[in-house]
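Q: pasting the structure only:
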C-alpha cells in the first residue's frame, strides 16, 4: 500500500504540472483576449480537475485501507506524519520528496488560478464599461431607495433621423 500511495502522489504531481502549464497558456490567452484558445483551455482544465478529484478519492481510499491495518493512521492524517510512518527510510525519503513537490505544485497552480481570476474580472469590468458607454448607461455615485446603484440612460443615437 505504501507503493500505491507513492504512485498516487506521483500521478498527482504530473497532473498538477499539466495544470500549471495550462494555467500559463490560459494567462497568455486572457492577456491577448484569444477567446477560441481560452475556450479550449477551459475544457482541458475541466478534464484535469476531474482527474485530480479522482486521484484524491483514490488516495483517501488507500488511506482508509492503511488505517485498517495501522490504527495510528487516520483518513485525515497529515502527509508529514504519514511519511514518518513509512516502513523503510528509502520510502520515507521518496514520500517526503513527492509530498514537498506536490505542495510546491499546488501552491503554484493556486497562484496562477488567482492571477487568472484577476485578469478575468478586469476583462469583464472593461467589457461592462464599454457596453455601458456604447449603450449610454452610467452608474451614478449615489444609491437609490432600495440600496441599489442608480443607473441612468441617455440616448446616444437618433433613430428617427
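A: Okay, I see it. Everything quoted here is computed from the prediction, not taken from an experiment. Residues are numbered from 1 along each chain as shown.
Q: next one: the closest residue to residue 74 other than its chain neighbours from residue 98, what distance?
A: Spatial nearest neighbour of residue 74, excluding adjacent residues (C-beta to C-beta, 6 or more residues apart in numbering): residue 67 at 5.8 Å. For glycine as for every other residue, the C-beta is placed from the backbone atoms N, C-alpha and C. Residue 67 sits 20 Å away from residue 98, going by C-beta to C-beta, to the nearest Å.
Q: quick one: residue 31 is in a helix?
A: Yes: Residue 31 forms part of a helix when assessed by DSSP: H, G, I helix; E, B strand; the rest coil.
Q: the closest residue to it other than its chain neighbours: how many residues sit nearby?
A: Nearest non-adjacent residue to residue 31, counting by C-beta to C-beta, 6+ apart: residue 119, 6.8 Å away. Number of residues near residue 119 (other C-beta atoms under 10 Å) recorded here: 16.
Q: got the contact list for residue 119?
A: 27, 30-31 (C-beta atoms under 8 Å, 6 or more residues apart in numbering).
Q: ok, of those, which come out buried?
A: Neighbour-count burial (16 or more other C-beta atoms under 10 Å) applied to those gives 27, 30.
Q: can I get the contacts of residue 119 in CSV including distance to residue 110 and pLDDT?
A: Listed next are the contacts of residue 119 as CSV, based on distance: C-beta to C-beta, whole Å; pLDDT from 0 to 100:
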residue, distance to residue 110, pLDDT
27, 14, 88
30, 17, 82
31, 19, 84
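Q: adding distance to residue 60, write the contacts of residue 119 out as a markdown table.
A: Formatted as a markdown table, these follow (distance: C-beta to C-beta, whole Å):
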| residue | distance to residue 60 |
| --- | --- |
| 27 | 31 |
| 30 | 33 |
| 31 | 37 |
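Q: doesn't residue 77 fall inside a helix?
A: No: under three-state DSSP, residue 77 sits outside any helix and is assigned coil.
Q: my guess is the residue nearest to residue 74 meets residue 82, correct?
A: No: taking C-beta atoms under 8 Å as the definition, residue 67 is not a contact partner of residue 82, at 10.4 Å.
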